[in-house]
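**Student:** Turn this into a model:
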Amino acid sequence: MSSNKQSDNFWVTNTSNRNVSLSDLAINIPAYRTVNLMDKKHYKYTLDQLKKSEKSGSLFRKKSVISVRKDSPEIPPGKYTDFSVVSRDYMTTSDEGIPSRSKSTLIIKEDKHEELQVSDEDFALGSVELSD
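**Tutor:** This is a model prediction of the structure:
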């Protein structure tokens, strides 16, 4: 079962600060990103395609900036925010102090100017006078 699990993974990491294009696979790997090219949700590559690219294709040519990983990357332990704990009430926050996004925090001010308050008839009469 572990060999099947291993064959479902083909991790590559872009170690440069630029996006790298792999022409034979028709894909761009974003800067400093690690991706699993065998992920069926996002890619449709076969293991043979990836091995061929690794031996003589664009993965081989760009091995100075693209690294093929043997194992999946591990997420370092640390404090991560669970966004599901954010309250849905207006201007309330979770324990981490993140405001909710259910309503905007911006206040829209509507100014009313009396000189712009013109009835439709007065506006039409003014338009006629200007055209004459």
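**Student:** quick one: low-confidence ranges for this structure?
**Tutor:** Residues of the chain that meet the criterion pLDDT under 70 lie in 1-7, 79-104, 132.
**Student:** Relative to residue 43, how far out is the residue positioned nearest the centre of it?
**Tutor:** Centroid check for the chain by C-alpha atoms, centre = their mean gives residue 30 as the closest residue, at 11.1 Å. Look at residue 30 and residue 43: by C-beta to C-beta, to the nearest Å, they are 14 Å apart. Bear in mind the C-beta positions are built from the backbone N, C-alpha and C, glycine included.
**Student:** Can you give me the buried ones in stretch 19-36?
**Tutor:** For stretch 19-36, burial by neighbour count (16 or more other C-beta atoms under 10 Å) applies to 20, 22, 25, 27, 29, 35-36.
**Student:** So which of those residues is the closest to residue 74?
**Tutor:** Nearest to residue 74 out of the buried residues of stretch 19-36 is residue 36 (C-beta to C-beta; 13.6 Å).
**Student:** check contacts around that closest one.
**Tutor:** Going by C-beta atoms under 8 Å, 6 or more residues apart in numbering, residue 36 touches 9-11, 72.
**Student:** three-state assignment of residue 121?
**Tutor:** helix (DSSP: H, G, I helix; E, B strand; the rest coil).
**Student:** Roughly how far does it sit from residue 43?
**Tutor:** Taken as C-beta to C-beta, the span from residue 121 to residue 43 is 65 Å.
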